[in-house]
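In: Coordinates for the following, if possible.
(one chain, ligands or ions: 1)
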Amino acid sequence: MVRITVWNESEHKGKAYPDGMSRAIKEGLDLNDGFEVVCAYLDEDQQGLPDALLNETDVLIWWGHSKHEKVRDDLVEKIIKRVNEGMGIIFLHSAHFSKAFRKLMGTHCSLRWREKEGEAERIWTVDPYHPIARGVEQGFRLDGDEMYGEHFDIPTPDALVFIGWFSGGNVFRSGCTFTRGQGRIFYFQPGHETFPIFYDENIRQIMENACLWAAKKDEGTTDFEANPKCIHERVPLEEICPKTKKKFFGI
Ligand code: ZN
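Out: I've put the predicted structure just below:
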């Protein structure tokens, strides 16, 4: 059994998540019978993570945005200690600026962003042998997401599993792994609260894979087989800018 705690600043109920965002994350993970998932929130006793719960958590999922500074420093220290002792941790989206992530990375963790447009994103698997990539459709599309773009000020990841491409032109290291002490860390970029991405099949697959990997329950590589030939992509996935066509081909 993998004991997972989904921590959030609040439930973020809204158009995208009528029952709440953490509930959507939990609903996806609950599909795996081997997972025991609980939700925890900042306004609860001990900021949602009393020692009894933190010490029994195999994988902590962390979502934060506007209340990073409200998280107590002693709690951050306890989380980092647990990571060093072997607890897995998954930082989602704007958790790149959480106290725990920045401390674990040791860098500023800044990035570019653009939210209001709700542009399309494609998630490309660049490490198809990694367990977190198992069963994930190559280059799958999210119709609306907040853009996060390079440069992302993090140390070089142990593995870069996914790269995000945005229709506004930016790219981002959207799925990165790290280890600190005995603990495994996964940073995953999608997940702004106004876009319902935690209902997406591929996102749910990644979240399940990431929990198994972070809990050290999935040690093997995936069954991906490389294609020895070049793959000629005749049909583009997105519409190519008409101006470019005209300039180079006169169409
Ligand atoms: Zn956001």
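In: Now the chain against the ion: closest residue?
Out: As assessed by C-beta to the ion, the ion sits closest to residue 192 within the chain, at 3.5 Å. All C-beta atoms are positioned from the backbone trio N, CA, C, and that covers glycine.
In: Surely that residue and residue 145 touch.
Out: Yes - between residue 192 and residue 145 a contact is recorded at 6.5 Å, counting by C-beta atoms under 8 Å.
In: Those two: which has the busier surroundings?
Out: Between residue 192 and residue 145, residue 145 has the larger neighbour count (other C-beta atoms under 10 Å), namely 27 against 22.
In: Which positions within the helix or strand that contains the more buried one qualify as buried?
Out: Secondary structure assignment for residue 145, by DSSP states H and E: strand 140-149. Buried residues in strand 140-149, counted by 16 or more other C-beta atoms under 10 Å: 140, 141, 142, 145, 146, 147, 148, 149.
In: Considering only these, which also neighbour the ion?
Out: residue 146 (C-beta under 5 Å from the ion).
In: Let's have the buried residues of strand 140-149 in TSV, adding pLDDT.
Out: Converted to TSV, the buried residues of strand 140-149 look like this (pLDDT from 0 to 100):
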residue	pLDDT
140	98
141	97
142	97
145	93
146	96
147	97
148	98
149	98
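In: Could you tell me the angle between the strand ranked longest in the chain and strand 140-149?
Out: Taking DSSP state E as the criterion, the chain has its longest strand at strand 112-125. Angle, strand 112-125 to strand 140-149, by axes from the mean of the first three to the mean of the last three C-alpha atoms, to 10 degrees: 140 degrees.
In: rewinding a little: and the residue of the chain closest to the ion, its phi and psi?
Out: The phi/psi pair for residue 192 (degrees, to the nearest 10) reads phi -70, psi 140.
In: Show me where the stretch 151-251 of the chain has its strands.
Out: Remark: strands assigned in the stretch 151-251 of the chain by DSSP state E, counting those that start in this stretch are 159-166, 171-180, 183-188.
In: and those, which is most packed in?
Out: strand 183-188 (a mean of 24; mean count of other C-beta atoms under 10 Å).
In: Now that one: average pLDDT?
Out: Taken as a whole, strand 183-188 carries a mean pLDDT of 98.
In: how much space between residue 209 and residue 71?
Out: Distance from residue 209 to residue 71, counting by C-beta to C-beta, to the nearest Å: 27 Å.
In: sorry, that was for residue 77
Out: Residue 77 is 11 Å from residue 71, by C-beta to C-beta.
In: These two: which has the busier surroundings?
Out: residue 71 (21 against 13).
In: Cross-check the contact I'm expecting between the more buried one and residue 47.
Out: Yes - assessed by C-beta under 8 Å, residue 71 is found in contact with residue 47 at 6.4 Å.
In: Kindly report the residues of this structure close to the ion.
Out: 94, 146, 192.
In: cutoff 6 Å now
Out: Residues of the chain lying close to the ion (C-beta under 6 Å from the ion) are 65, 93, 94, 115, 146, 192.
In: For the fifth one, give me its contacts.
Out: Taking C-beta atoms under 8 Å, 6 or more residues apart in numbering as the definition of contact, the neighbours of residue 146 are 93, 113, 114, 115, 118, 192, 194, 195.
In: And the buried ones among those, selectable in PyMOL?
Out: With 16+ other C-beta under 10 Å as the criterion, this PyMOL line picks the buried residues out of the contacts of residue 146:
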select buried, resi 93+192+194+195
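In: any idea how far the closest residue to residue 142 other than its chain neighbours is from residue 201?
Out: Ranked by C-beta to C-beta, 6 or more residues apart in numbering and with sequence neighbours excluded, the top spatial neighbour of residue 142 is residue 121, at 4.7 Å. According to C-beta to C-beta, residue 121 stands 15 Å off from residue 201.
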